[in-house]
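> Any chance you could fold what I've pasted below:
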Amino acid sequence: MIKSEYPSVLLIYTGGTIGMIENPETGALEAFNFDQLQENVPELKRFNYRISSYQFNPPIDSSDMEPALWAKLVKIITYNYDNFDGFVILHGTDTMAYTASALSFMLENLSKPVILTGSQLPIGMLRTDGKENLITSIEIAAAKHPDGTAIVPEVCIFFENHLLRGNRTTKINAENFNAFRSYNYPSLATAGIHLVYEYDRIHKADPNLPLKPHYLYDTNVIILTLFPGIQENMIGNILHTPGLRAVVLKTYGSGNAPQKPWFIELLKEATSRGIIIVNISQCATGTVEMGRYETGLHLLDAGVISGYDSTVESVLTKLMFLLGHGKSEREIRYQMSIPAAGEFTKSTM
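Numbering: from 1, shown residues only. Sure, this is the predicted structure:
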């Protein structure tokens, strides 16, 4: 019999491959009723945990994930926050890094684990990676220090034996089980024979601070990726999109961009209208250093701000979050320069 003092975890199933079964007639993957989870993962019964579940109805393909559903997840976690030691969100892999990044900003003062996981193969298939991902995620969500505080009090992604900070993570593989990578921040834990936590890398929470949930967002943000031959009229049209408030500018190398006068003038004109432009690198590894080369200095002069070593998912969701809360342009520019949830590391150069 499970006693009330045993660890408790809430599973939130949003949708995704992990909760799919194959239709024997068509071969297509279809969502199954989440009540069938224990039939497919009988190992869950061996946990001395209180495991409850909440299921999105209907389940959401991760391609359809959007900010309103991030807010729904925040509401579910907030409503159940005092009743569970940790939360596991089952989510499709395609937009998992966006959701993890968004939740890291929307769940202020988080002192309990929120672990996102999923699978590349449905959990009902023989070779599924879903069972291991789910079982280990539950174990991490319930893990506590001897003083009763959570070992991992932050939003993370667990996939293929690695626990990664959610707002540092990007999906990098559509075929293999190692679907995610955190290029600019090391893993928080590794699952082998033992779960090995890297305590010095994990966020330290103050359990005395109450959770402060946020629900507002503004999606008037766009990602602009530079490439050789990009045309002036294209960039001009993008920067004059009605309602546009912020741009994630994906530049070359350590934050370099063309020095063409028309390009710099378009950026200057946009920032003068209050549009916030954040510079991140197209490279998976490394950081933006706009003071390193003359091409980056031109961007600084145009009012572009650095995204340091952030992921595109992190910058995009943080901008949506800050814009949604009615912050002034000056305040947003400042907030983008300081980490709110460990989402980037400032260069010392």
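> Out of the helices and strands in the protein, which is least certain?
Lowest by mean pLDDT, DSSP states H and E among the helices and strands of the chain is strand 29-31, with a mean of 65.
> what sits against Ser306?
Neighbour list for Ser306: 255, 278-279, 288-290, 337 [criterion: Cβ atoms under 8 Å, 6 or more residues apart in numbering]. For glycine as for every other residue, the C-beta is placed from the backbone atoms N, C-alpha and C.
> ok, it to Asp200 distance?
Applying Cβ to Cβ, to the nearest Å, the value for Ser306 to Asp200 is 26 Å.
> Please apply the same query to Ile115.
Relative to Asp200, and taking Cβ to Cβ, Ile115 is found at 20 Å.
> Then Glu25?
Counting by Cβ to Cβ, the gap from Glu25 to Asp200 is 53 Å.
> ditto for Tyr308
Relative to Asp200, and taking Cβ to Cβ, Tyr308 is found at 20 Å.
> what does Phe344 give?
Counting by Cβ to Cβ - Phe344 and Asp200 are separated by 18 Å.
> who has more neighbours, these two?
With neighbours defined as other Cβ atoms under 10 Å, Phe344 and Asp200 compare such that Phe344 has more, 27 against 8.
> Make sure the more buried one is actually in contact with Lys318.
No. Assessed by Cβ atoms under 8 Å, Phe344 is found out of contact with Lys318, at 9.5 Å.
> any common contacting residues for these two?
Both Phe344 and Lys318 are in contact with Ser310, where contact means Cβ under 8 Å, 6+ apart.
> all strands for the stretch 51-200 of the chain, in order.
Ranges of strands in the stretch 51-200 of the chain, per DSSP state E, counting those that start in this stretch, are 86-90, 107-108, 114-117, 155-159, 162-165, 170-171, 180-181, 189-191, 195-197.
> so for the helix or strand immediately after the last one in the chain, what's the average pLDDT?
Scanning forward in sequence from strand 195-197 by DSSP states H and E, the next helix or strand is strand 212-213. Here strand 212-213 scores 98 as its mean pLDDT.
> List the contacts of strand 212-213.
Residues outside strand 212-213 that contact it (Cβ under 8 Å, 6+ apart) are 74-75, 77-78, 106-109.
> switch the cut-off to 6 Å
The contact list for strand 212-213, computed with Cβ atoms under 6 Å, 6 or more residues apart in numbering, reads 74, 78, 108-109.
> If any of those residues are buried, put those into a PyMOL selection.
Only the buried entries of the contacts of strand 212-213 go into this PyMOL selection, using 16 or more other Cβ atoms under 10 Å:
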select buried, resi 74+78
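> Pick out whichever of the contacts of strand 212-213 sits closest to Asn161.
Nearest to Asn161 out of the contacts of strand 212-213 is Val74 (Cβ to Cβ; 28.2 Å).
> What distance do you get for the nearest residue to Thr271 once chain neighbours are set aside to Thr225?
In this structure, Thr271 finds its nearest non-sequential neighbour in Gly303, 3.2 Å apart by Cβ to Cβ, 6 or more residues apart in numbering. To Thr225, Gly303 is 20 Å away according to Cβ to Cβ.
> Looking at those two, which is more packed in?
Set side by side, Gly303 and Thr225 show more neighbours around Gly303, with 16 against 11, by other Cβ under 10 Å.
> what's the helix or strand for that one?
Gly303 belongs to no helix or strand, assigned by DSSP H and E.
> Now do the phi/psi pair for it.
Backbone torsions of Gly303, given as degrees, to the nearest 10, read phi 90, psi 10.
> what about the helices in the stretch 51-200 of the chain?
67-79, 96-106, 130-142 (DSSP state H, counting those that start in this stretch).
> now for those, which one comes closest to Trp262?
Checking those against Trp262 by Cβ to Cβ gives helix 96-106 as the closest, at 32.3 Å.
> Show me what that closest one is packed up against.
Under the contact definition 3 or more Cβ pairs under 6 Å, 6 or more residues apart in numbering; DSSP states H and E, helix 96-106 sits against strand 155-159, helix 312-324.
> In terms of secondary structure, what does the longest one contact?
Read that as helix 312-324. helix 96-106, strand 221-225, strand 246-251.
> Report the next helix or strand after the shortest one in sequence order.
Scanning forward in sequence from strand 221-225, with DSSP H and E defining helices and strands, the next element found is helix 232-239.
> got it, and the last one?
Using DSSP H and E, the helix or strand that follows strand 246-251 in sequence is helix 261-272.
> and the direction of whichever helix or strand comes after that following helix versus that of helix 312-324, what angle?
Reading on from helix 261-272 to the C-terminus, the next helix or strand found by DSSP H and E is strand 276-281. Strand 276-281 and helix 312-324 meet at an angle of 170 degrees, taking axes from the mean of the first three to the mean of the last three Cα atoms, to 10 degrees as the criterion.
> deepest of the helices of the stretch 51-200 of the chain, which one?
helix 96-106 (a mean of 28; mean count of other Cβ atoms under 10 Å).
> what's the angle between it and strand 86-90?
Going by the same axes, to 10 degrees, helix 96-106 makes 150 degrees with strand 86-90.
> pLDDT on helix 96-106, on average?
The average of the pLDDT scores along helix 96-106 is 97.
> CA atoms only: put it into CSV for me.
This file holds the C-alpha atoms of helix 96-106, laid out as CSV (Å, rounded to 0.1, in the frame of the first residue of the first chain):
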residue,chain,number,x,y,z
MET,A,96,9.5,20.3,-26.7
ALA,A,97,12.4,22.7,-26.5
TYR,A,98,10.1,25.7,-27.1
THR,A,99,7.7,24.6,-24.3
ALA,A,100,10.5,23.9,-21.9
SER,A,101,12.0,27.3,-22.5
ALA,A,102,8.7,29.1,-22.2
LEU,A,103,7.8,27.3,-18.9
SER,A,104,11.2,28.2,-17.4
PHE,A,105,10.2,31.9,-17.6
MET,A,106,6.5,31.4,-16.8
